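Here is my input; please provide its structure:
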Amino acid sequence: MKKISFITLLLLAPFYLLAQDLAEAEVPRVVVNVFHKTFPKATKVEWEKKIDGYNVEFDIGRRDHEAWINDQGQIVKHKKELRSSELPKPVRDAIAQQYKGFRIDDADQFEMGKKFYYKVELKKSPEERKVIFDQGGKVSAV
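Have a look, this model is predicted:
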């Protein structure tokens, strides 16, 4: 039993080291300043250190958000929870045409650079699919 516990500890230790929860005071000022300037209405803010920068989860108006900010204070990616009605028309049209009988269970918008992508969870009992679309409604591999 001790051997299994030790092996489990060895396997999980790298994941603990890769992502560590932080207090805002432990995050570099340049990163915190960019965050507060970009998302001034953020609440329930939780910081985490990643290998390539910082991840911050937060709410704005009861909606989940997540941002990835590098050490230089640049926002690399921003995820925002959406209602299905807020998906762009080309994405809704693509779902209606390509995924008949599926309903939208969850939708998120990802902004990377100046491009937007939409991760949509689709359900049709007993199936569930996660599909990423670009702004034009094309299935994307991002």
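
From Gly101, how far out is the residue most central in space within the chain?
In the chain, the residue lying closest to the centroid (Cα atoms, centre = their mean) is Lys79, at 4.4 Å. Distance, Lys79 to Gly101, by Cβ to Cβ, to the nearest Å: 27 Å. In short, each C-beta sits where N, CA and C put it, glycine included.

Got the domain ranges for this structure?
19-79, 82-141 (the TED database).

now those domains as a markdown table including mean pLDDT?
Shown next, in a markdown table, are those (pLDDT from 0 to 100):
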| stretch | mean pLDDT |
| --- | --- |
| domain 19-79 | 96 |
| domain 82-141 | 95 |
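
rewinding a little: nearest spatial neighbour of the residue nearest to the centre of the chain, skipping sequence neighbours?
Among residues not flanking Lys79 along the chain, Glu66 sits closest, at 4.4 Å (Cβ to Cβ, 6 or more residues apart in numbering).

tell me which element that neighbour is part of?
Assigned by DSSP states H and E, Glu66 falls within strand 63-69.

mind checking how far the helix or strand hosting the residue nearest to the centre of the chain is from the chain centre?
Using DSSP H and E, Lys79 maps to strand 75-82. Put simply, strand 75-82 sits 6 Å off its chain's centre (Cα atoms, centre = their mean, to the nearest Å).
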